[in-house]
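Enquirer: pasting the sequence and the predicted coordinates here, then a few questions.
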Amino acid sequence: MDAVTRAVRVVSKVMEALDICSFELTAIDGDTLPPFSAGAHIDVQLPAGLTRQYSLCNNPTETHRYQIAVLRDTHSRGGSVAMHALEVGQIIRVSDPKNHFPLVHDAHHTVLLAGGIGITPLLCMAERLASVGSSFELHYCTRSAERTAFSERICASPFAGVVHVHYDDGPPSQKLDLTAVLERTRSQAHLYVCGPTGFMDWSLGIARATGWPEERLHREYFAAAPLDTSADGSFDVQIASTGKVIRVDADQTVVAALSAHGVSVPTSCEQGVCGACLTRVLEGTPEHRDMFLTVEEQALGEQFTPCCSRSRSPKLVLDL
């Protein structure tokens with residue numbers, strides 16, 4: 001996590017839907033908070049040493065608060081359960097906003113596609129697009145009405161007319177025909193997708209099959225899918241600045257191997273989702289396991305995420 005964090009107070013905690021809680025965070029001295037752009041997130045430091053990333057979902061013109069929303073998942077690594085245990089008045093520490101999921105502001109049209117809790121960054125984007133009069137539509141897919149967060153806020157918003165909510169348990173007439181949406185908007189639009197990994201892969205797969213170019217596909221994963229690591233082998237990494245060669249064992253991440261030899265790489269999610277540890281590769285061929293780089297960026301092999309990615313070649317030379 002970045003060294004610079006700030007203390008904030010939980011001033012509001014609201015159940016927005018079944019298992020989804022929103023939190024309003026303000027500076028403890030009542031001062032303004034650093035500004036953010038649509039699509040940004042903050043790192044939240046939680047009890048027991050946990051650090052998790054949560055998208056900001058309030059209007060990006062607001063400087064008096066940060067709002068995040070968290071789905072309680074008992075099968076997660078503990079962050080969501082810890083968040084739901086927070087109480088109003090409690091003080092926590094957060095990073096300044098970071099944005100790895102920015103809007104393209106000169107897009108002719110924007111399609112926002114949310115799956116479940118993936119609504120959080122896209123709701124912020126909708127606020128921004130509506131405020132500047134940009135053409136867009138938001139499709140919000142949820143399991144049921146009781147699991148649909150921010151329903152009242154969306155219905156009362158100035159962009160309610162371009163929001164389409166699709167329930168898994170609803171009648172066929174309201175279900176999302178994604179192929180039709182993407183064929184209709186393919187020519188000049190940009191697509192932003194956020195949600196569970198399966199939903200993301202399905203959505204992006206349809207977009208590619210429909211002929212969308214990769215540069216107009218934008219995504220933000222909340223977590224990486226489980227990987228089979230049983231066939232992983234060992235390899236070496238070399239530090240370009242010193243020439244030192246470090247062995248990475250089969251059951252070890254590059255970040256862990258570097259740390260054991262006193263080489264620090266900034267990390268946050270440790271799943272290849274956030275890009276905090278992105279490192280330049282000078283020689284060798286990475287084996288990409290991240291969800292952060294685009295397909296084209298991965299193919300170039302010029303950088304990788306050492307928190308989860310490995311090497312296809314016997315050695316990687318890193319720009320460290």
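Expert: Thanks, I have the structure now.
Enquirer: when you work out contacts or count neighbours from here on, use the C-alpha atoms and nothing else.
Expert: Fine.
Enquirer: need the strands for the stretch 51-200 of the chain, in chain order.
Expert: Ranges of strands in the stretch 51-200 of the chain, per DSSP state E, counting those that start in this stretch, are 51-55, 66-71, 91-95, 109-115, 136-142, 163-167, 189-195.
Enquirer: nearest to A299, of these?
Expert: strand 189-195 (21.5 Å; Cα to Cα).
Enquirer: what angle separates the closest one from strand 109-115?
Expert: Interaxial angle, strand 189-195 versus strand 109-115 (axes from the mean of the first three to the mean of the last three Cα atoms, to 10 degrees): 10 degrees.
Enquirer: and strand 189-195, what other elements does it pack with?
Expert: Applying 3 or more Cα pairs under 8 Å, 6 or more residues apart in numbering; DSSP states H and E, one finds that strand 189-195 contacts strand 109-115, helix 119-131, helix 197-209, strand 217-221.
Enquirer: dump the ones you listed into CSV; add distance to G89, mean neighbour count and mean pLDDT as well.
Expert: Shown next, in CSV, are those (distance: least, Cα to Cα, whole Å; neighbours: other Cα atoms under 10 Å; pLDDT from 0 to 100):
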stretch, distance to G89, mean neighbour count, mean pLDDT
strand 109-115, 31, 23, 97
helix 119-131, 23, 23, 97
helix 197-209, 34, 16, 94
strand 217-221, 30, 20, 90
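Enquirer: and of these, who's closest to P171?
Expert: Nearest to P171 among the helices and strands packed on strand 189-195 is strand 109-115; the distance by Cα to Cα comes to 17.8 Å.
Enquirer: would you turn the helices and strands packed on strand 189-195 into CSV with distance to D29?
Expert: Listed next are those as CSV, based on distance: least, Cα to Cα, whole Å:
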stretch, distance to D29
strand 109-115, 35
helix 119-131, 25
helix 197-209, 38
strand 217-221, 32
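Enquirer: if we can go back for a sec, mind putting the strands of the stretch 51-200 of the chain in JSON lines, distance to G262 included?
Expert: Shown next, in JSON lines, are those (distance: least, Cα to Cα, whole Å):
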{"stretch": "strand 51-55", "distance to G262": "22"}
{"stretch": "strand 66-71", "distance to G262": "35"}
{"stretch": "strand 91-95", "distance to G262": "24"}
{"stretch": "strand 109-115", "distance to G262": "41"}
{"stretch": "strand 136-142", "distance to G262": "45"}
{"stretch": "strand 163-167", "distance to G262": "50"}
{"stretch": "strand 189-195", "distance to G262": "36"}
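Enquirer: tell me which of these sits nearest to A257.
Expert: Closest of the strands of the stretch 51-200 of the chain to A257 is strand 51-55, at 20.7 Å (criterion: Cα to Cα).
Enquirer: quick one: contacts for the residue nearest to H261 when sequence neighbours are not counted?
Expert: Counting by Cα to Cα, 6 or more residues apart in numbering, H261 lies nearest to I246, which is 7.7 Å off, once chain neighbours are set aside. Counting by Cα atoms under 8 Å, 6 or more residues apart in numbering, I246 touches 236-238, 257-258, 261.
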